[in-house]
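# Sharing a model that was predicted from the sequence below.
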Amino acid sequence: MFPGTMAKAKNGGDSPYVKRELRAVWIATVANIDWPSKPGLPIQQQKAEYTGMLDKAKAMGMNAVVVQIKPTADSFYPSNYGPWSKYLTGVQGKDPGYDPLAFMVEEAHKRNLEFHAWFNPYRITLEKGLTIDNLSADHPARKHRDWVVSYGGQLYYNPGIPEAEDFIIDGVMEVVKRYDIDAVHMDDYFYPYRVAGQDFPDQETYEKYGMGKFANKDDWRRDNVNHLIKTLSAKIKQEKNYVKFGISPFGVWRNQAVDPTGSDTTAGQTNYDDLFADTRTWIQQGWIDYITPQIYWAFGFKPAAYEKLIDWWTKEVDGRNIHLYIGQADYKIANNSDPAWNNPDELPNQLKYNRLFPQIQGSMHFSFKDLDRNPLGIKDRLANDVYPYPALVPTMPWLDDAPPKRPTLMKAKRSDEGVKLLWKDQKKSDAAYYVIYRFEGEDFNFTNPKHIIATVRKNGDSKQSYVDTTEEPGKRYMYAITAVDRLHNESKPSRLAFVKSAP
């Protein structure tokens with residue numbers, strides 16, 4: 001089907017919309033790209049900026065945020081594995097006066113948004129030319145100088161040193177244990193992108209740990225990253241089996257010219273050959289729960305066409321226990337040399353095209369500020385055209401497939417505020433949130449998202465409530481509630497409750 005044609009809903013029927021679809025936005029903290037807007041803001045202003053972003057994300061139809069909490073071997077939370085980030089206070093190691101991560105997770109969950117904690121595993125500095133002595137006094141890199149290498153003017157933990165790998169894994173697990181996150185997320189920064197004329201300085205490390213065990217240094221490097229992913233995957237599930245593990249790699253695994261099983265692309269650098277990130281192995285071994293290739297190109301772009309990469313990635317994950325989400329290049333809209341990105345339909349058409357493929361379970365958008373500035377009206381297009389109805393996050397049955405017990409709808413009554421719904425859970429329910437359905441006439445189709453008016457996070461009370469303020473005069477409504485657990489398995493619906501038409 002040609003890009004831009006209307007997709008048939010995966011759940012059946014002729015609706016172009018789907019009930020289950022991950023809709024996430026990246027919130028980058030490195031260099032204050034998205035949040036905070038600048039370092040050193042007062043606590044209340046930092047908090048207000050963040051909650052404002054969540055409200056806007058929700059209004060755009062999102063159901064998840066991917067927040068960068070460890071951008072440069074530092075932390076947006078009190079940590080034993082990295083100093084406080086300078087992007088918070090302007091000074092690396094300076095306590096901001098509160099726990100931003102605890103706040104961010106709580107506020108996301110209040111709005112029933114999944115929180116994916118985004119880590120950059122190896123990068124220590126972003127600015128070029130900094131040395132270890134420029135780092136904060138409490139920076140672990142100062143204590144373990146032998147773990148640190150300089151490449152392209154930046155500092156990195158050396159992926160080939162086993163103790164450094166253990167340190168990185170323990171740093172991630174610190175967050176998994178202490179915070180109520182929904183997922184651990186990593187992006188495309190494993191071994192750094194190649195710098196022309198420079199080899200990553202790990203020959204000595206290779207001779208110590210890899211020579212004789214691997215045919216060449218590249219295979220050893222890939223094994224280092226594989227070992228990190230495999231070990232971290234097992235540890236996450238051992239600690240909290242409901243916490244997902246996902247990675248967002250560069251959009252090209254290998255070019256077809258190098259490997260006949262690669263994609264029909266001519267990308268200058270690739271995951272396998274340059275970043276030493278063997279995404280195929282991660283997928284085939286079941287080490288990650290989702291993969292989000294950054295397919296940051298337009299339809300028909302010769303070196304790496306969107307449709308060709310969609311074709312390759314959908315085949316790569318087909319039949320596997322993994323979700324495929326697509327990393328979308330919102331930052332290129334009206335801001336790129338490729339004229340395709342001056343077409344207001346380019347990104348909406350990519351999102352609609354994704355729905356043609358049952359293997360694709362949603363998208364992640366880079367990044368928040370690029371959506372918020374609304375180039376070519378993209379924020380409005382998402383809210384009104386592409387994501388007009390709420391969506392549930394797709395389930396991962398290999399992690400859990402048991403739905404909660406159905407809730408008991410006790411009351412649906414009109415008040416001055418609107419229609420007030422009151423319900424309660426059955427005993428020992430593992431519900432995390434609820435879906436509010438509203439029907440008109442006899443169309444009781446629970447698979448059509450147009451009937452979902454809200455998703456509501458569970459509070460600590462035995463009884464839950466919601467007020468529908470969007471009713472229209474003269475309409476006759478039927479309401480129902482379902483309970484959903486934190487891995488998004490949905491219960492059977494409650495009884496239907498009829499409410500007379502408003503005057």
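Perfect, thanks for sending it. If you're wondering where the values come from, they're calculated on a predicted model, not measured in any experiment. Residues are numbered from 1 along each chain as shown.

# If Lys411 is in a bridge, with which residues?
Leu422 (DSSP bridges).

# so it makes contact with Leu421?
Yes. Under the contact definition of CB atoms under 8 Å, Lys411 touches Leu421, with a separation of 7.0 Å. C-beta coordinates here come from the backbone N, C-alpha and C atoms, glycine included.

# where does this protein dip in pLDDT?
Residue ranges of the chain with pLDDT under 70: 1-15, 501-503.

# Would you confirm that Lys463 contacts Lys420?
No. Taking CB under 8 Å as the definition, Lys463 is not a contact partner of Lys420, at 11.8 Å.

# Find the residues that touch each one of Lys411 and Leu421.
Both Lys411 and Leu421 are contacted by Ala497, under the criterion CB atoms under 8 Å, 6 or more residues apart in numbering.

# okay, the two: which has more neighbours?
Leu421 (26 against 11; other CB atoms under 10 Å).

# Help me confirm that Phe167 comes into contact with Gly82.
No. Contact between Phe167 and Gly82 fails when scored by CB under 8 Å: they sit 9.7 Å apart.

# Excluding its own residues, what touches stretch 194-209? List them.
Under the criterion CB under 8 Å, 6+ apart, residues 149-152, 158-162, 191-192, 217, 220-221, 269, 274 lie in contact with stretch 194-209.

# now swap in stretch 423-436 and tell me
For stretch 423-436, the external contacting residues (CB under 8 Å, 6+ apart) are 112, 390, 392, 404-410, 421, 452-458, 462-466, 468, 479, 481-486, 490-491, 494.

# Which among those residues count as buried?
With neighbours counted using 16 or more other CB atoms under 10 Å, those contain these buried positions: 112, 390, 392, 404, 406-407, 409-410, 421, 452-456, 458, 464, 466, 468, 479, 481-486, 490-491, 494.

# In strands, which of these fall?
409-410, 421, 452-456, 464, 466, 468, 479, 481-484 (DSSP state E).

# All the strands of the stretch 151-300 of the chain, residue numbers only.
Residue ranges of the strands in the stretch 151-300 of the chain, as given by DSSP state E, counting those that start in this stretch, are 154-157, 183-186, 244-247, 290-291.

# Give me the sheet partners of the third one and which way each runs.
The one in question is strand 244-247. Short version: by DSSP bridges, strand 244-247 pairs with strand 183-186 (parallel), strand 290-291 (parallel).

# Of all these, which one comes closest to Val243?
Proximity to Val243, assessed across the strands paired with strand 244-247 by CB to CB, is greatest for strand 183-186 (6.3 Å).

# what about that closest one, distance to the chain center?
Taking CA atoms, centre = their mean, to the nearest Å, the mean C-alpha location of strand 183-186 is offset from the chain mean by 7 Å.

# again with stretch 275-288
Counting by CA atoms, centre = their mean, stretch 275-288 comes out at 18 Å from the chain centroid.

# quick one: terminal-to-terminal distance for that stretch?
End-to-end distance of stretch 275-288: 18 Å, with CA to CA, to the nearest Å as the criterion.

# buried stuff in that stretch?
Neighbour-count burial for stretch 275-288, with 16+ other CB under 10 Å as criterion, is recorded at 275-283, 287-288.

# Just the ones of the residues you listed in helices?
Among the buried residues of stretch 275-288, the ones falling in helices (DSSP state H) are 279-283.

# which residue packs closest to Tyr272, ignoring adjacent ones?
If you skip the residues right next to it in sequence, Tyr272 has Arg254 as its closest partner in space, 4.7 Å away by CB to CB, 6 or more residues apart in numbering.

# The one you found touches Gly262, doesn't it?
Yes. The criterion here is CB under 8 Å, and Arg254 meets it with Gly262 at 3.6 Å.

# Identify the contacts common to the two.
Between them, Arg254 and Gly262 share the contacting residues Thr270, judged by CB under 8 Å, 6+ apart.

# ok, those two, which is more surrounded?
Taking neighbours as other CB under 10 Å, Arg254 and Gly262 compare with Arg254 leading, 22 against 19.

# which residues does the more buried one contact?
Counting by CB under 8 Å, 6+ apart, Arg254 touches 261-263, 270-273.

# And those residues, which of them are buried?
For the contacts of Arg254, a burial check counting by 16+ other CB under 10 Å picks out 262-263, 270-273.

# Just send those back as a markdown table, with distance to Lys213 too.
A markdown table is the format used below for these (distance: CB to CB, whole Å):
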| residue | distance to Lys213 |
| --- | --- |
| Gly262 | 26 |
| Ser263 | 30 |
| Thr270 | 24 |
| Asn271 | 22 |
| Tyr272 | 19 |
| Asp273 | 20 |
